[in-house]
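[1] sharing a sequence plus its predicted fold:
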Amino acid sequence: MVLFYRAHWRDYKNDQVRIMMNLTTLTHRDALCLNARFTSREEAIHALTQRLAALGKISSTEQFLEEVYRRESLGPTALGEGLAVPHGKTAAVKEAAFAVATLSEPLQWEGVDGPEAVDLVVLLAIPPNEAGTT
């Protein structure tokens, strides 16, 4: 299965730019955690971070986790419909990647309107030079 992400943004020189990115270049089957059971969002984030580190996508799990938790403290990453997208943009990320967990039991995750049930977690790992483009 090939996954594609289509992004649009405004480019003042070229009016509009459209890019298509093959998401299979950003992840690996070992970054998938299906029917997982976690007791907290921290446990979920840590487990997904370990998967990315094992794949060589992250040079320092401590630095990456610190950035993810810093970002979590700035605002909610639960987006509704059972989806949470925690993320970190740091030099600890060697190359852009993501890890995914489907949960056998929902976790409470901070959303815009307060805690909400989440059963799909997508952890994004983004190097600073790709922030805003990935």
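    Everything's here; your move. Residues are numbered from 1 along each chain as shown.

[2] chain neighbours aside, what residue packs nearest to residue 126?
    Nearest-residue entry for residue 126: residue 89, 4.5 Å, with adjacent residues in sequence omitted and distances by C-beta to C-beta, 6 or more residues apart in numbering. All C-beta atoms are positioned from the backbone trio N, CA, C, and that covers glycine.

[3] after the lengthiest strand in the chain, which helix or strand is next?
    Ranked by number of residues, the top strand in the chain under DSSP state E is strand 97-111. Per DSSP states H and E, the first helix or strand lying C-terminal to strand 97-111 is strand 114-126.

[4] beta partners of the closest residue to residue 36 other than its chain neighbours?
    The shortest distance from residue 36 to any non-neighbouring residue, by C-beta to C-beta, 6+ apart, is to residue 101 (4.7 Å). Beta-bridge pairing of residue 101 under DSSP bridges involves residue 33, residue 121.

[5] test my guess that residue 101 contacts residue 121.
    Yes - contact status for residue 101 versus residue 121: in contact at 4.5 Å, counting by C-beta atoms under 8 Å.
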